[in-house]
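**Student:** I'll drop the sequence and a predicted model, then ask my questions.
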Amino acid sequence: MSRWLGGFFVARSVALALTVFVGAVMCQTTQAAQAVAMPAAAPGAAPPAIVVLGDSLSAEYGLKRDTGWVALMRQRLASERLDYGVANASISGDTTSGGRARLPVLMQRLKPAIMIIELGANDALRGVPLATTEDNLRAIIQQAQQGHAKVMLIGMYVPPNYGPDYTQKFHALYTQMAQQYKVPLVPFLLAGIENNRALFQADQIHPNEQAQSALLDNVWPTLKPLLATSGKPGQAR
């Protein structure tokens, strides 16, 4: 892991990372807004929803539409005959504060059965205090659970620019939240590809299209136990 932290992330300054993450907000906002604007379905009219609340790593930044790991997850659910809808409510550049602010509308409109939280990297890149990130993640998890959603948390590592103490405490925050609220955790979304430069876009921050299946493979074993069948004979369990 330290090779990755000392490798491609250090090869790009924090300023560049901020430009990439924040500069893409406008082009991705429409996609997330579409998820928020989905009309509330009548009871029993739609399958239970999986909502992904994330940033550019989930929002298909720099990718063709429907080629990111969230879209691949939708395809895998269908191939395994698991009756779930998927709403990608991710926005490039989003922080835990942004996710927290958007969550009430998402909960009301989409009524998720499962909430996947992939946020926090932009907090670190912007120097947001750890206490603020922790407070926001805590509020997001609590609100999702209060809305009867099963929660899954995706962890992240950050550049060592703020020192090893911050880096270690930042990553440990996800483990602490997962343990406190008894939610499953994917320790690191980019595990297994972090040292392969060929699997990243030109910015060497965002995984490319070829890497998306690996991201899904990191998520799927943690997600699968949360999935219930729709009760139809022969469905995958």
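**Tutor:** Looks like it arrived, so ask away. Residues are numbered from 1 along each chain as shown.

**Student:** neighbouring contacts of stretch 66-77?
**Tutor:** Among residues not part of stretch 66-77, those counted as contacts by C-beta atoms under 8 Å, 6 or more residues apart in numbering are 50, 52, 54, 58-60, 65, 84, 86, 88, 90, 209, 212-213, 215-216, 219-220, 223, 227. Every residue, glycine included, has its C-beta placed from N, CA and C.

**Student:** no wait, stretch 140-152
**Tutor:** 51, 53, 96, 99-100, 103-104, 107, 111-117, 119, 153, 177, 181, 183-186, 222-223, 226.

**Student:** same thing but 7 Å
**Tutor:** With contact meaning C-beta atoms under 7 Å, 6 or more residues apart in numbering, stretch 140-152 is reached by 96, 99-100, 103, 107, 112-117, 177, 181, 183-184, 222-223, 226.

**Student:** I'd like to know how far residue 179 sits from residue 153.
**Tutor:** Applying C-beta to C-beta, to the nearest Å, the value for residue 179 to residue 153 is 10 Å.

**Student:** what's the answer for residue 191, then?
**Tutor:** From residue 191 over to residue 153 the distance is 14 Å, taken as C-beta to C-beta.

**Student:** so between the two, which is more surrounded?
**Tutor:** Looking at residue 191 and residue 153 with other C-beta atoms under 10 Å, you find the greater number of neighbours at residue 153, namely 25 against 16.

**Student:** now do the SS call for that one.
**Tutor:** strand (DSSP: H, G, I helix; E, B strand; the rest coil).

**Student:** flag every buried residue along stretch 59-70.
**Tutor:** When burial is assessed from 16 or more other C-beta atoms under 10 Å, stretch 59-70 yields the following buried residues: 59, 60, 61, 62, 63, 68, 69, 70.

**Student:** which element is the first one on?
**Tutor:** It stands for residue 59. Here residue 59 is covered by no helix or strand, with elements defined by DSSP states H and E.

**Student:** that one and residue 91 touch, don't they?
**Tutor:** Yes. Checked against C-beta atoms under 7 Å, the pair residue 59 and residue 91 is within contact range at 5.9 Å.

**Student:** now, of the contacts of stretch 140-152, which are buried?
**Tutor:** In terms of neighbour count (16+ other C-beta under 10 Å), the buried residues within those are 96, 99-100, 103, 107, 112-117, 177, 183-184, 222-223, 226.

**Student:** residues near the residue nearest to residue 199 when sequence neighbours are not counted, how many?
**Tutor:** The spatially closest residue to residue 199, leaving aside those adjacent along the chain, is residue 211, at 3.9 Å (C-beta to C-beta, 6 or more residues apart in numbering). Taking other C-beta under 10 Å as the criterion, the count of residues near residue 211 is 21.

**Student:** you'd agree residue 211 is in a strand?
**Tutor:** No. The assignment for residue 211 by three-state DSSP gives helix, which leaves it out of any strand.

**Student:** skip the chain neighbours and tell me the closest residue to the residue nearest the centre of the chain.
**Tutor:** For the chain, the residue whose C-alpha lies nearest the mean C-alpha position (C-alpha atoms, centre = their mean) is residue 118; its distance is 2.5 Å. If you skip the residues right next to it in sequence, residue 118 has residue 54 as its closest partner in space, 3.5 Å away by C-beta to C-beta, 6+ apart.
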